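Q: Kindly return the folded structure for what I paste below:
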Amino acid sequence: MTTWIFRRLIQAIFVVLAMTVIVFIGVNVIGDPVEILISPQADQAERARAVIALGLDRPLWEQYGRFLWNAVQGDLGKSFVFNEPALRLIAQRMPATMELAVTAVLLSIVLGIPLGLYAGLKPNSFAGRSIMAGSIFGFSLPSFWVGLMLIMVFAVQLGWLPSTGRGQTATLFGVQWSFLTRDGLAHMLMPALNLSLGNIALVLRLTRAGVRENMPMDYVKFARAKGLSPVRVVFVHVMKNITIPIVTVIGLEFGSTVAFAVVTESVFAWPGMGKLIIDSINVLDRPVIVAYLMMIVFLFITINLLVDLLYTVLDPRVRLESRE
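A: Prediction:
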(Lines give C-alpha, C1' and ligand atoms only; values in the text may rest on other atoms or scores of the structure.)
Protein backbone atom coordinates (compact mmCIF):
# COMPACT_ATOMS: atom_id res chain seq x y z
CA MET A 1 0.00 0.00 0.00
CA THR A 2 2.71 2.49 0.99
CA THR A 3 4.78 1.70 -2.10
CA TRP A 4 1.74 2.10 -4.35
CA ILE A 5 0.81 5.47 -2.81
CA PHE A 6 4.40 6.68 -3.19
CA ARG A 7 4.43 5.68 -6.86
CA ARG A 8 1.13 7.45 -7.47
CA LEU A 9 2.43 10.61 -5.81
CA ILE A 10 5.54 10.56 -8.02
CA GLN A 11 3.33 10.10 -11.08
CA ALA A 12 1.12 12.95 -9.90
CA ILE A 13 4.11 15.29 -9.62
CA PHE A 14 5.15 14.56 -13.21
CA VAL A 15 1.57 14.99 -14.44
CA VAL A 16 1.25 18.35 -12.69
CA LEU A 17 4.64 19.44 -14.06
CA ALA A 18 3.63 18.51 -17.61
CA MET A 19 0.31 20.32 -17.21
CA THR A 20 2.05 23.47 -16.00
CA VAL A 21 3.98 23.59 -19.28
CA ILE A 22 0.87 22.99 -21.40
CA VAL A 23 -1.33 25.41 -19.47
CA PHE A 24 1.27 28.18 -19.18
CA ILE A 25 2.23 28.10 -22.85
CA GLY A 26 -1.38 27.73 -24.00
CA VAL A 27 -2.58 30.70 -21.95
CA ASN A 28 0.29 32.88 -23.11
CA VAL A 29 -0.41 32.41 -26.82
CA ILE A 30 -4.15 33.17 -26.85
CA GLY A 31 -3.77 36.94 -26.79
CA ASP A 32 -2.22 40.03 -25.30
CA PRO A 33 -3.89 41.16 -22.05
CA VAL A 34 -2.36 44.64 -22.41
CA GLU A 35 -4.61 45.28 -25.41
CA ILE A 36 -7.65 44.71 -23.18
CA LEU A 37 -6.48 46.18 -19.88
CA ILE A 38 -4.99 49.40 -21.27
CA SER A 39 -7.12 52.13 -22.76
CA PRO A 40 -6.94 52.37 -26.58
CA GLN A 41 -5.98 56.05 -26.18
CA ALA A 42 -2.85 55.13 -24.18
CA ASP A 43 0.47 56.01 -25.80
CA GLN A 44 3.40 53.67 -26.34
CA ALA A 45 5.12 54.73 -23.13
CA GLU A 46 2.11 53.77 -21.03
CA ARG A 47 1.82 50.45 -22.82
CA ALA A 48 5.51 49.74 -22.20
CA ARG A 49 5.12 50.52 -18.50
CA ALA A 50 2.11 48.20 -18.31
CA VAL A 51 4.02 45.40 -20.02
CA ILE A 52 6.91 45.76 -17.55
CA ALA A 53 4.55 45.98 -14.57
CA LEU A 54 2.82 42.74 -15.57
CA GLY A 55 6.14 41.00 -16.18
CA LEU A 56 5.36 40.35 -19.84
CA ASP A 57 8.58 41.91 -21.12
CA ARG A 58 10.66 38.85 -20.27
CA PRO A 59 11.10 35.79 -22.55
CA LEU A 60 8.47 33.08 -22.23
CA TRP A 61 10.90 30.56 -20.74
CA GLU A 62 11.91 33.06 -18.06
CA GLN A 63 8.26 33.83 -17.26
CA TYR A 64 7.60 30.09 -16.91
CA GLY A 65 10.65 29.63 -14.67
CA ARG A 66 9.49 32.41 -12.35
CA PHE A 67 5.96 30.99 -12.36
CA LEU A 68 7.22 27.51 -11.46
CA TRP A 69 9.46 28.81 -8.67
CA ASN A 70 6.63 30.87 -7.19
CA ALA A 71 4.17 27.95 -7.60
CA VAL A 72 6.41 25.71 -5.49
CA GLN A 73 6.06 28.34 -2.75
CA GLY A 74 2.26 28.43 -3.14
CA ASP A 75 2.09 31.62 -5.20
CA LEU A 76 0.41 31.34 -8.61
CA GLY A 77 0.65 35.04 -9.32
CA LYS A 78 -1.53 38.13 -8.89
CA SER A 79 -4.62 38.86 -10.90
CA PHE A 80 -4.06 41.52 -13.57
CA VAL A 81 -7.56 42.91 -12.97
CA PHE A 82 -8.12 42.62 -9.20
CA ASN A 83 -4.44 42.94 -8.15
CA GLU A 84 -4.97 40.13 -5.65
CA PRO A 85 -3.39 36.66 -5.43
CA ALA A 86 -5.10 34.36 -7.92
CA LEU A 87 -5.42 31.56 -5.39
CA ARG A 88 -7.22 33.87 -2.97
CA LEU A 89 -9.75 34.84 -5.64
CA ILE A 90 -10.40 31.19 -6.46
CA ALA A 91 -10.62 30.23 -2.78
CA GLN A 92 -13.27 32.90 -2.25
CA ARG A 93 -15.41 31.45 -5.06
CA MET A 94 -14.68 27.78 -4.40
CA PRO A 95 -17.31 27.14 -1.66
CA ALA A 96 -20.13 28.26 -3.96
CA THR A 97 -19.01 25.91 -6.73
CA MET A 98 -18.23 23.01 -4.40
CA GLU A 99 -21.61 23.02 -2.67
CA LEU A 100 -23.31 23.19 -6.06
CA ALA A 101 -21.22 20.28 -7.41
CA VAL A 102 -21.68 18.16 -4.28
CA THR A 103 -25.45 18.71 -4.38
CA ALA A 104 -25.53 17.78 -8.06
CA VAL A 105 -23.57 14.56 -7.44
CA LEU A 106 -25.81 13.65 -4.48
CA LEU A 107 -28.86 14.13 -6.69
CA SER A 108 -27.33 11.84 -9.31
CA ILE A 109 -26.80 9.16 -6.64
CA VAL A 110 -30.19 9.53 -4.95
CA LEU A 111 -32.13 9.56 -8.23
CA GLY A 112 -29.87 7.66 -10.64
CA ILE A 113 -29.22 4.47 -8.66
CA PRO A 114 -32.86 3.69 -7.63
CA LEU A 115 -34.15 4.46 -11.12
CA GLY A 116 -31.39 2.34 -12.65
CA LEU A 117 -32.19 -0.55 -10.31
CA TYR A 118 -35.86 -0.41 -11.23
CA ALA A 119 -35.13 -0.21 -14.95
CA GLY A 120 -32.71 -3.14 -14.65
CA LEU A 121 -35.02 -5.35 -12.64
CA LYS A 122 -38.08 -4.60 -14.79
CA PRO A 123 -36.67 -3.75 -18.22
CA ASN A 124 -39.80 -4.65 -20.17
CA SER A 125 -42.28 -2.74 -18.02
CA PHE A 126 -43.75 0.56 -19.15
CA ALA A 127 -42.04 2.39 -16.27
CA GLY A 128 -38.69 0.78 -17.06
CA ARG A 129 -38.89 1.73 -20.72
CA SER A 130 -40.01 5.25 -19.79
CA ILE A 131 -37.05 5.67 -17.45
CA MET A 132 -34.60 4.65 -20.16
CA ALA A 133 -36.30 6.91 -22.70
CA GLY A 134 -36.17 9.80 -20.23
CA SER A 135 -32.46 9.23 -19.60
CA ILE A 136 -31.80 10.06 -23.25
CA PHE A 137 -32.97 13.61 -22.58
CA GLY A 138 -30.40 13.92 -19.80
CA PHE A 139 -27.64 13.31 -22.34
CA SER A 140 -29.18 15.16 -25.26
CA LEU A 141 -30.57 18.43 -23.93
CA PRO A 142 -28.00 21.26 -23.66
CA SER A 143 -27.60 22.49 -20.11
CA PHE A 144 -27.94 26.17 -20.98
CA TRP A 145 -31.35 25.52 -22.63
CA VAL A 146 -32.53 23.39 -19.70
CA GLY A 147 -31.45 26.13 -17.31
CA LEU A 148 -33.40 28.77 -19.22
CA MET A 149 -36.48 26.52 -19.29
CA LEU A 150 -36.24 25.92 -15.54
CA ILE A 151 -36.07 29.65 -14.93
CA MET A 152 -39.01 30.33 -17.25
CA VAL A 153 -41.24 27.64 -15.69
CA PHE A 154 -40.40 27.64 -11.99
CA ALA A 155 -39.29 31.25 -11.54
CA VAL A 156 -41.25 33.27 -14.11
CA GLN A 157 -44.45 31.29 -14.71
CA LEU A 158 -45.00 29.60 -11.33
CA GLY A 159 -42.93 31.87 -9.10
CA TRP A 160 -41.92 28.99 -6.87
CA LEU A 161 -38.14 29.46 -6.94
CA PRO A 162 -35.76 32.42 -7.30
CA SER A 163 -34.17 32.69 -10.71
CA THR A 164 -30.59 33.84 -10.06
CA GLY A 165 -28.04 34.48 -7.34
CA ARG A 166 -26.94 32.52 -4.33
CA GLY A 167 -29.46 33.82 -1.81
CA GLN A 168 -28.97 34.13 1.92
CA THR A 169 -25.92 32.36 3.34
CA ALA A 170 -24.76 31.28 6.78
CA THR A 171 -21.25 30.93 8.17
CA LEU A 172 -19.74 27.55 9.00
CA PHE A 173 -16.00 27.19 9.77
CA GLY A 174 -15.51 30.77 8.58
CA VAL A 175 -17.01 30.05 5.14
CA GLN A 176 -20.32 31.25 3.71
CA TRP A 177 -22.66 28.41 2.67
CA SER A 178 -26.05 28.51 0.98
CA PHE A 179 -27.33 25.09 2.04
CA LEU A 180 -27.55 26.21 5.67
CA THR A 181 -30.46 28.58 5.03
CA ARG A 182 -33.88 28.01 3.51
CA ASP A 183 -33.44 30.88 1.07
CA GLY A 184 -30.06 29.54 0.02
CA LEU A 185 -31.49 26.08 -0.62
CA ALA A 186 -34.25 27.62 -2.76
CA HIS A 187 -31.62 29.45 -4.84
CA MET A 188 -29.49 26.29 -5.13
CA LEU A 189 -32.22 23.84 -6.21
CA MET A 190 -32.54 24.78 -9.90
CA PRO A 191 -28.82 25.16 -10.72
CA ALA A 192 -28.02 21.91 -8.88
CA LEU A 193 -30.76 20.05 -10.76
CA ASN A 194 -29.59 21.50 -14.06
CA LEU A 195 -26.02 20.50 -13.32
CA SER A 196 -27.00 16.96 -12.30
CA LEU A 197 -29.17 15.92 -15.26
CA GLY A 198 -26.34 14.45 -17.31
CA ASN A 199 -24.89 12.68 -14.26
CA ILE A 200 -28.30 11.23 -13.34
CA ALA A 201 -28.67 9.78 -16.82
CA LEU A 202 -25.14 8.34 -16.74
CA VAL A 203 -25.47 6.73 -13.29
CA LEU A 204 -28.94 5.44 -14.20
CA ARG A 205 -27.80 3.69 -17.37
CA LEU A 206 -24.64 2.34 -15.73
CA THR A 207 -26.66 0.90 -12.82
CA ARG A 208 -29.18 -0.67 -15.18
CA ALA A 209 -26.42 -2.26 -17.27
CA GLY A 210 -24.77 -3.67 -14.13
CA VAL A 211 -28.04 -5.13 -12.87
CA ARG A 212 -28.87 -6.70 -16.24
CA GLU A 213 -25.38 -8.20 -16.43
CA ASN A 214 -25.32 -9.64 -12.90
CA MET A 215 -28.85 -10.96 -12.48
CA PRO A 216 -28.26 -14.06 -14.68
CA MET A 217 -25.01 -14.87 -12.85
CA ASP A 218 -24.61 -18.13 -10.94
CA TYR A 219 -24.04 -16.42 -7.59
CA VAL A 220 -27.48 -14.77 -7.87
CA LYS A 221 -29.13 -18.11 -8.66
CA PHE A 222 -27.29 -19.68 -5.72
CA ALA A 223 -28.44 -16.90 -3.38
CA ARG A 224 -32.02 -17.41 -4.49
CA ALA A 225 -31.69 -21.16 -4.05
CA LYS A 226 -30.61 -20.57 -0.45
CA GLY A 227 -33.94 -18.85 0.13
CA LEU A 228 -32.69 -15.28 0.42
CA SER A 229 -35.28 -12.58 -0.16
CA PRO A 230 -35.18 -10.67 -3.47
CA VAL A 231 -34.39 -7.46 -1.58
CA ARG A 232 -31.33 -9.05 0.05
CA VAL A 233 -30.18 -10.56 -3.22
CA VAL A 234 -30.32 -7.20 -4.99
CA PHE A 235 -29.10 -4.82 -2.30
CA VAL A 236 -26.45 -7.04 -0.71
CA HIS A 237 -25.10 -9.29 -3.46
CA VAL A 238 -25.84 -7.53 -6.76
CA MET A 239 -25.13 -4.00 -5.52
CA LYS A 240 -21.78 -5.11 -4.10
CA ASN A 241 -20.65 -6.22 -7.57
CA ILE A 242 -21.84 -3.15 -9.49
CA THR A 243 -20.59 -0.58 -6.98
CA ILE A 244 -17.01 -0.28 -8.26
CA PRO A 245 -17.84 1.01 -11.78
CA ILE A 246 -20.49 3.30 -10.31
CA VAL A 247 -17.99 4.74 -7.80
CA THR A 248 -15.47 5.26 -10.61
CA VAL A 249 -17.95 7.17 -12.74
CA ILE A 250 -19.26 9.23 -9.82
CA GLY A 251 -15.74 10.21 -8.80
CA LEU A 252 -14.75 11.31 -12.30
CA GLU A 253 -18.10 13.05 -12.82
CA PHE A 254 -17.60 15.04 -9.63
CA GLY A 255 -14.37 16.44 -11.04
CA SER A 256 -16.09 17.16 -14.35
CA THR A 257 -19.00 18.81 -12.57
CA VAL A 258 -16.65 21.19 -10.75
CA ALA A 259 -14.63 21.90 -13.88
CA PHE A 260 -17.55 22.40 -16.25
CA ALA A 261 -20.04 24.20 -14.03
CA VAL A 262 -19.31 27.30 -16.09
CA VAL A 263 -22.50 27.20 -18.17
CA THR A 264 -24.81 26.59 -15.21
CA GLU A 265 -23.17 29.30 -13.11
CA SER A 266 -23.45 31.75 -16.00
CA VAL A 267 -27.13 30.99 -16.63
CA PHE A 268 -28.13 31.26 -12.98
CA ALA A 269 -25.61 34.02 -12.09
CA TRP A 270 -24.16 31.73 -9.44
CA PRO A 271 -21.05 33.42 -7.97
CA GLY A 272 -18.70 30.47 -8.25
CA MET A 273 -15.40 29.65 -9.89
CA GLY A 274 -17.02 29.09 -13.27
CA LYS A 275 -18.26 32.66 -13.49
CA LEU A 276 -14.85 33.89 -12.32
CA ILE A 277 -13.01 31.97 -15.05
CA ILE A 278 -15.38 33.27 -17.73
CA ASP A 279 -14.80 36.85 -16.59
CA SER A 280 -11.03 36.19 -16.47
CA ILE A 281 -10.99 34.76 -19.99
CA ASN A 282 -12.86 37.79 -21.30
CA VAL A 283 -10.09 40.08 -20.03
CA LEU A 284 -7.22 37.57 -20.48
CA ASP A 285 -6.40 37.56 -16.77
CA ARG A 286 -3.63 34.97 -17.17
CA PRO A 287 -2.76 34.29 -13.50
CA VAL A 288 -6.38 33.51 -12.63
CA ILE A 289 -6.81 31.28 -15.69
CA VAL A 290 -3.61 29.35 -14.93
CA ALA A 291 -4.46 29.00 -11.23
CA TYR A 292 -7.95 27.72 -12.05
CA LEU A 293 -6.70 25.14 -14.54
CA MET A 294 -3.98 23.94 -12.18
CA MET A 295 -6.55 23.59 -9.40
CA ILE A 296 -8.72 21.44 -11.69
CA VAL A 297 -5.72 19.24 -12.56
CA PHE A 298 -4.94 18.77 -8.87
CA LEU A 299 -8.61 17.98 -8.18
CA PHE A 300 -8.73 15.22 -10.81
CA ILE A 301 -5.49 13.67 -9.56
CA THR A 302 -6.79 13.65 -5.98
CA ILE A 303 -10.12 12.12 -7.00
CA ASN A 304 -8.40 9.35 -8.96
CA LEU A 305 -6.24 8.52 -5.95
CA LEU A 306 -9.25 8.45 -3.58
CA VAL A 307 -11.27 6.30 -5.97
CA ASP A 308 -8.45 3.75 -6.20
CA LEU A 309 -8.19 3.65 -2.41
CA LEU A 310 -11.95 3.21 -2.14
CA TYR A 311 -11.73 0.13 -4.37
CA THR A 312 -10.05 -1.83 -1.59
CA VAL A 313 -12.79 -0.84 0.86
CA LEU A 314 -15.62 -1.91 -1.46
CA ASP A 315 -13.90 -5.10 -2.61
CA PRO A 316 -11.01 -6.48 -0.48
CA ARG A 317 -10.08 -8.78 -3.38
CA VAL A 318 -8.69 -5.78 -5.20
CA ARG A 319 -5.02 -5.25 -4.44
CA LEU A 320 -3.53 -1.90 -5.32
CA GLU A 321 -0.11 -3.38 -5.99
CA SER A 322 -1.60 -5.53 -8.76
CA ARG A 323 -3.34 -2.59 -10.49
CA GLU A 324 -0.32 -1.78 -12.65
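Q: The stretch 51-200 of the chain: helices as residue ranges?
A: Using DSSP state H, counting those that start in this stretch, the helices found in the stretch 51-200 of the chain span residues 60-72, 86-121, 126-140, 143-150, 182-214.
Q: can you list the ones you listed in a markdown table and add mean pLDDT?
A: Formatted as a markdown table, the helices of the stretch 51-200 of the chain follow (pLDDT from 0 to 100):
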| stretch | mean pLDDT |
| --- | --- |
| helix 60-72 | 77 |
| helix 86-121 | 88 |
| helix 126-140 | 85 |
| helix 143-150 | 88 |
| helix 182-214 | 88 |
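Q: What residue spans form the domains of the chain?
A: The chain is divided into the following domains under automatic domain parsing: 2-72, 92-315.
Q: so which of those gets nearest Lys78?
A: Lys78 lies closest to domain 92-315 among these, at 6.0 Å (CB to CB). Yep, even glycine has a C-beta here, placed from its N, CA and C like the rest.
Q: Might you list the low-confidence residue ranges for the stretch 201-324 of the chain?
A: 314-324 (pLDDT under 70).
Q: Ile5 belongs to a helix?
A: Yes - counting by DSSP: H, G, I helix; E, B strand; the rest coil, Ile5 is part of a helix.
Q: How many residues are close by it?
A: Residues near Ile5, counting by other CB atoms under 10 Å, number 13.
Q: What of the one 10 residues further on?
A: With neighbours defined by other CB under 10 Å, the count for Val15 comes to 15.
Q: So it sits against Ile301, correct?
A: Yes - Val15 is within contact range of Ile301, at 6.3 Å (criterion: CB atoms under 8 Å).
Q: hmm, who's touching stretch 197-214?
A: Applying CB atoms under 8 Å, 6 or more residues apart in numbering, the contact partners of stretch 197-214 are 104-105, 107-109, 111-113, 115-117, 119-121, 123, 131-132, 135-139, 141, 143, 146, 220, 234, 238, 241-242, 245-246, 249-250, 253, 257.
Q: Kindly recompute the last result at 7 Å.
A: By CB atoms under 7 Å, 6 or more residues apart in numbering, the list of residues contacting stretch 197-214 from outside reads 104-105, 107-109, 111-113, 115-117, 119-121, 123, 131, 135, 138-139, 146, 220, 238, 241-242, 245-246, 249-250, 253, 257.
Q: of the helices of the stretch 51-200 of the chain, which approaches Tyr292 most closely?
A: Comparing the helices of the stretch 51-200 of the chain by CB to CB, helix 86-121 comes nearest, at 6.0 Å.
Q: Show me what the closest one is packed against.
A: The helices and strands touching helix 86-121, judged by 3 or more CB pairs under 7 Å, 6 or more residues apart in numbering; DSSP states H and E, are helix 126-140, strand 175-177, helix 182-214, helix 239-259, helix 273-282, helix 286-314.
Q: Pipe the ones you listed into TSV and attach distance to Ile151 per row.
A: Conversion of the helices and strands packed on helix 86-121 to TSV gives the following (distance: least, CB to CB, whole Å):
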stretch	distance to Ile151
helix 126-140	18
strand 175-177	23
helix 182-214	7
helix 239-259	20
helix 273-282	16
helix 286-314	26
